[in-house]
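Q: below is the sequence, then the predicted model.
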Amino acid sequence: MSSRSFLATASCYVPPISRSKLHEIGANRRLALQRKGGKRCIYCFCSFDGEILKREAEDGNREGNEKKKTEWIHFVGIGGSGISALAMLALKQGFEVSGSDIMWNNFMDELQKAGARIFVGHSTSNLESKTGSGLPNALVISSAIPLENNEVAYAKSAGIPIYKRDGWLRRITEHYNLIAVSGTHGKSTTAAMLSYVLSAMGDNLIAVVGANVPQFKEGNIIPGSGPNFVLEADEYDCCFLGLSPSVAVVTSVEWDHVDIFHDEEAVLDTFRKFLQKVKIGGHLIICGDSAGAYSLVSKSIKERVSDCEMVLTSLASKPGYSITTYGISSKNDWHASSVTPNSHGGQDYVLVSLTLSEIRITMLKKSNVYADV
């Protein structure tokens, strides 16, 4: 058995690996294992569509960078965890950034230090440039901001494009290989750990997480160049329905956000629509231990398909993408067994797929085993 030692929240030890090997592992949208020293070592998935996708992403980046240098984006509700991450990424990608919110918080501290102009309170004067002339090229508004907000109303009257989160996320992810991590619970931890692992493997990815991650230098983002883009995909206000992921992860589905979803069926229906957004030839990774999540695909999981070239069992899917389940139950394609506390305050367990690997994490909650698997 090979051993892995998870060091801290959203971090892990990963052996050094070259970018060329990383591309080889991720080719053809498959999860892969690499042989090393006669033993199988598990690496995190990294989905590519060959050199064409990579070149397209790089071309898109070059075109985008020329445009971003002249664009000013104003974020309304900039203190929110999700919007603040988008604002920080915009700063790192060369946009001029400003924003407003009704109360100051730590996210706004970091944005101001990074060069954003931050305002407490909403006012049309916040949309004036430093020199007093000119207007923002676009407004991005939080789901919590009503359309009657005076900044939003002024922008509309002035003809400034207004994006809700779903529209802005669609714009900034469309040229990348999107890995969207969703779920009622566990998506922040899972997105953070996945991003950290890929970064440690040498992937110059972009990541946006709706929570502060101590291992991220920028707090809640990794401002790489792609082509991989890991995103915490939020179901609130149906925000993730604007996405088109190559890889989608669903950690759990339960009734939540009662101000948006009137019952559990409404939540399930929204997630079903999200799964329809996964690209043909893509991959869905779903927690089989979550009754709600599993119900989304249970009708598709009728016939297993054996592929001797693949290193794990994939499931047939009518929508045109493969499905893999994970969890603690042995019914899943990947599952954790023999979960026991360790001396570091976390858990040890054996990861079972076609091979076995010993895993050690130092995060206290057993639920973090799901994110790790």
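A: Nice, I can see it.

Q: stretch 181-195 spans what distance, first to last residue?
A: 10 Å (C-alpha to C-alpha, to the nearest Å).

Q: distance of N137 from E232?
A: Distance of N137 to E232, given as C-beta to C-beta, to the nearest Å: 26 Å. All C-beta spots, glycine's among them, are computed from the backbone N, C-alpha and C.

Q: the helices in the chain, which residues?
A: Ranges of helices in the chain, per DSSP state H, are 19-26, 50-68, 81-92, 106-114, 150-157, 165-173, 187-200, 264-275, 291-295, 368-372.

Q: let me see the domain layout of this structure.
A: Domain ranges of the chain: 2-37+174-372, 56-169, per automatic domain parsing.

Q: tabulate the ones you listed in TSV, adding columns for mean pLDDT and mean neighbour count.
A: Converted to TSV, the domains of the chain look like this (pLDDT from 0 to 100; neighbours: other C-beta atoms under 10 Å):
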stretch	mean pLDDT	mean neighbour count
domain 2-37+174-372	74	19
domain 56-169	87	18
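
Q: for the protein, longest strand please?
A: Of all the segments of type strand in the chain, defined by DSSP state E, the longest one is strand 334-341.

Q: how about it as PDB, C-alpha atoms only?
A: What follows is strand 334-341, C-alpha atoms only, in PDB (Å, rounded to 0.1, in the frame of the first residue of the first chain):
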ATOM      1  CA  TRP A 334     -14.200   4.900  -4.700                       C
ATOM      2  CA  HIS A 335     -14.800   4.400  -1.000                       C
ATOM      3  CA  ALA A 336     -13.000   4.900   2.300                       C
ATOM      4  CA  SER A 337     -12.800   1.900   4.700                       C
ATOM      5  CA  SER A 338     -11.300   1.300   8.100                       C
ATOM      6  CA  VAL A 339     -11.700   5.000   9.100                       C
ATOM      7  CA  THR A 340      -9.900   5.500  12.400                       C
ATOM      8  CA  PRO A 341      -8.600   8.500  14.400                       C
END
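
Q: how about H74, nearest residue that isn't a chain neighbour?
A: In space, and not counting its chain neighbours, H74 is closest to P136: 4.1 Å by C-beta to C-beta, 6 or more residues apart in numbering.

Q: ditto for G242
A: Sequence neighbours aside, D166 is the residue nearest to G242 in space, at 3.3 Å (criterion: C-beta to C-beta, 6+ apart).

Q: residue contacts, the one you found?
A: When the contact criterion is C-beta atoms under 8 Å, 6 or more residues apart in numbering, the partners of D166 are D237, C238, C239, F240, L241, G242, L243.

Q: please tell me how far it sits from F240.
A: From D166 to F240 the distance is 7 Å (C-beta to C-beta).

Q: now swap in D348 and tell me
A: In this view, D348 and F240 are 34 Å apart by C-beta to C-beta.

Q: go on, S98?
A: From S98 across to F240, the span is 26 Å (C-beta to C-beta).

Q: same check on G320?
A: Distance of G320 to F240, given as C-beta to C-beta: 19 Å.

Q: what of A85?
A: Per C-beta to C-beta, A85 is found 15 Å from F240.

Q: isn't A114 right up against Q93?
A: No - look at A114 against Q93 with C-beta atoms under 8 Å: they stay out of range, at 11.8 Å.

Q: just checking, which of the contacts of D166 belong to strands?
A: Among the contacts of D166, no member falls in strands (DSSP E).

Q: nearest to H344, of these?
A: Nearest to H344 among the contacts of D166: F240, at 34.3 Å, using C-beta to C-beta.

Q: quick one: I285 and T251 touch, right?
A: No - counting by C-beta under 8 Å, I285 does not reach T251; the two are 9.3 Å apart.

Q: ok, back up a step: out of the contacts of D166, which one sits closest to F107?
A: Closest approach to F107 among these (C-beta to C-beta): C239, at 17.8 Å.

Q: what sits against the closest one?
A: Contacts were defined as C-beta under 8 Å, 6+ apart; by that measure C239 touches G82, S143, K164, R165, D166, L169, A233.
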